[in-house]
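# I'd like to go over a predicted model; first the sequence, then the structure.
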Amino acid sequence: KILAEDPILRNDMSMLGMSRIDQVKIMAEKTKRSHEVFNLTESNPHNLIEFWSHNITQLHLSVSFFMFIPYIKTLGTPEQVEKWVKPALRTEVIGAYAQTELGHGSDVQNLETTATFDPKTDEFIINSPTLTSIKWWPGELGLNANHCICFAQLIINGKNYGVHSFVVQIRDMETNKPLPNIEVGDIGPKIGYISKDNGFLKFNNVRIPRENMLMKYTVVTRDGKYERRGNQKIGYAIMMLTRDLICHTCWKFLAHALTIAVRYSIVRTQFKNESGEEVKILDYQTQQDKLLPLLASTFAMHAASYKVSELARENIRRIEEKEDFSLMGDVHALLCGCKAFYSWEGADGINTCRLSCGGHGYSSYSGFTPLLNEFYVNCTHEGENTVMALQTARYLIGSLTKLQKGEKIAQYADYLIELPQLLEGKIG
């Protein structure tokens, strides 16, 4: 009700014919208004997920709130949290999550950006040594972000210690202009996500203080010694929460599409019956075959997504309180599988809803155009679906191998215990 009645936040169909620049401006206004109305900077993560996943078009700052802030809170020292998180909650610092490069996405361990420690000045030198090392796709990077978490290969005295994370200021806090030796901008038009400022970022030997490396679990001392003080895998646990958000987004988008399609199918009539009355198209079995299975899937995804969310947050709690990573593999497999299946089901389902509305479904005024354009990205970002599905498949094969050896498996895969009977029943 609040969204529908607010003059800025309400759905505005005039956006359908707007240029990308105008849409970006309107989304900036909507983002500002959202923070005024809902006080999102003080909300808990669950409320943030509920708000952002209900929005069809992309508000700004979602990456800053869902990735930049949680990552620093988890991997940063108390001093680093004080320095960057509090200003970020006030939207003074706007952060991007600069991991993906032009040449590497899912293959994080082979990112090419480098962070070389200079013991003479007590600084890291951040550099993009190749064309393919340019950061490419991070949200907020194109226009809004003035800081980023940069993922780069840590090099000390010529030795590579692997990928680590560094906070880098990339734009002036007053003018929003790029800082020296930094090339940053928007990557241009996309299939969807029209208002999201996905960007590129190139470093030309940019110097940052040693203290800008996130050092809660790994430390580089003043004299260049590398020390581990915990398990840095918790950073990946934080990244998995974004897949959790996608799972919620998928069933909500599909529910939106089904609302349009089912309502249309109730009021739309075609062809007369024996009594001379035109029949609601929802009464036709072919229409029911299109929509009712999707309705069932939506309810199933709704219930399961909240269950997986609880498990993902329990995983974070155990890691932060006890350094207990026992749930990590299970949560990883569940979120990978759910993210892939939900987004595939959502993309196909929204298009099926469009087709079920005939010619009217092809009009942008049906509401399907923004749904489809904004949704498709979920099949690709935060893990390409084929890669995600293979991760879950590896987990299941591993569980099956354990069963064959007589070993115990996690409850999330215990249906495999009855696999022979299931296969026999399926074949029968």
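Nice, I can see it. Just so it is clear, the model here is predicted, and its values are computed rather than measured.
# I figured Lys251 hits Met301, correct?
One thing to correct before we go on: residue 251 is Trp, not Lys. Yes - Trp251 is in contact with Met301 according to CB atoms under 8 Å; the separation is 3.9 Å. In short, each C-beta sits where N, CA and C put it, glycine included.
# tell me the strands in the protein, going along the chain?
In order along the chain, the chain carries the following strands (DSSP state E): 95-98, 114-118, 123-127, 135-136, 147-156, 159-169, 182-186, 199-203, 206-209, 218-220, 226-228, 269-272, 278-280.
# any shared contact partners between Trp251 and Met301?
Tyr342 (CB atoms under 8 Å, 6 or more residues apart in numbering).
# circling back to that earlier point, just the strands of the chain: most buried one?
When you average the neighbours per residue for each of the strands of the chain (mean count of other CB atoms under 10 Å), strand 95-98 leads with a mean of 28.
# tell me the mean pLDDT over it?
Per-residue pLDDT values over strand 95-98 give a mean of 95.
# picking up where we left off before, turn the strands of the chain into TSV, including distance to Ile72.
Formatted as TSV, the entries for the strands of the chain read as follows, by distance: least, CB to CB, whole Å:
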stretch	distance to Ile72
strand 95-98	8
strand 114-118	16
strand 123-127	17
strand 135-136	18
strand 147-156	7
strand 159-169	7
strand 182-186	20
strand 199-203	18
strand 206-209	15
strand 218-220	14
strand 226-228	19
strand 269-272	57
strand 278-280	54
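# Which of the ones you listed sits closest to Asp12?
When the strands of the chain are ranked by distance to Asp12, counting by CB to CB, first place goes to strand 182-186 at 22.8 Å.
# can you pull the pLDDT of the nearest residue to Ala255 once chain neighbours are set aside?
For Ala255, ignoring the flanking residues on the chain, the nearest one in space by CB to CB, 6 or more residues apart in numbering is Thr298 at 5.2 Å. The per-residue pLDDT reported for Thr298 equals 97.
# packing partners for the longest helix out of those in the chain?
With residue count as the measure and DSSP state H as the assignment, the chain has helix 285-322 as its longest helix. Taking 3 or more CB pairs under 8 Å, 6 or more residues apart in numbering; DSSP states H and E as the contact definition, the neighbouring helices and strands of helix 285-322 are helix 234-267, helix 328-356.
# Make JSON lines out of the ones you listed and add mean pLDDT and distance to Arg222.
What follows is these, written out as JSON lines (pLDDT from 0 to 100; distance: least, CB to CB, whole Å):
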{"stretch": "helix 234-267", "mean pLDDT": "90", "distance to Arg222": "24"}
{"stretch": "helix 328-356", "mean pLDDT": "96", "distance to Arg222": "33"}
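# residues near Leu419, how many?
Counted with other CB atoms under 10 Å, the burial measure for Leu419 works out to 11 neighbours.
# And the residue lying closest to it once chain neighbours are set aside, how far from Asn273?
Leaving aside its sequence neighbours, Leu419 sits nearest to Leu400 (CB to CB, 6+ apart; 7.3 Å). To Asn273, Leu400 is 52 Å away according to CB to CB, to the nearest Å.
# just Leu396 next, same as before
Following CB to CB, the distance that separates Leu396 from Asn273 is 49 Å.
# what's the answer for Asp122, then?
When CB to CB is the yardstick, Asp122 and Asn273 sit 83 Å from each other.
# Which one of those two is surrounded by more residues?
Using other CB under 10 Å as the criterion, Asp122 and Asn273 rank with Asp122 on top: 14 against 9.
# What pLDDT is listed against the more buried one?
As predicted, Asp122 sits at a pLDDT of 97.
# Ok, Pro70 next?
87.
# hang on, the earlier thing: and Lys30, which of the strands of the chain is closest to it?
The closest of the strands of the chain to Lys30 is strand 182-186. By CB to CB, the value is 18.7 Å.
# what residues does the closest one touch?
Outside strand 182-186, the residues within contact range by CB under 8 Å, 6+ apart are 141-143, 170-171, 178, 197-204, 206.
# what's the spacing between His147 and Ala255?
Distance from His147 to Ala255, counting by CB to CB: 35 Å.
# dump the residue contacts of Thr130.
Taking CB under 8 Å, 6+ apart as the criterion, Thr130 is in contact with Gly103, Glu112.
# With the one 3 residues further on instead?
Applying CB under 8 Å, 6+ apart to Ser133 gives the contacts Glu101, Leu102, Gly103, Leu111, Glu112, Thr113, Thr114.
# run the last query once more with 6 Å
Residues touching Ser133, when contacts are defined by CB atoms under 6 Å, 6 or more residues apart in numbering, comprise Glu101, Glu112, Thr113.
# Closest one to Arg10 out of these, please.
Among the contacts of Ser133, Glu101 lies closest to Arg10 (CB to CB), at 38.7 Å.
# Tell me what that closest one is bridged to.
For Glu101, the beta-bridge partners under DSSP bridges are Lys135.
# Leu371 touches Ile350, doesn't it?
Yes - contact status for Leu371 versus Ile350: in contact at 5.4 Å, counting by CB atoms under 6 Å.
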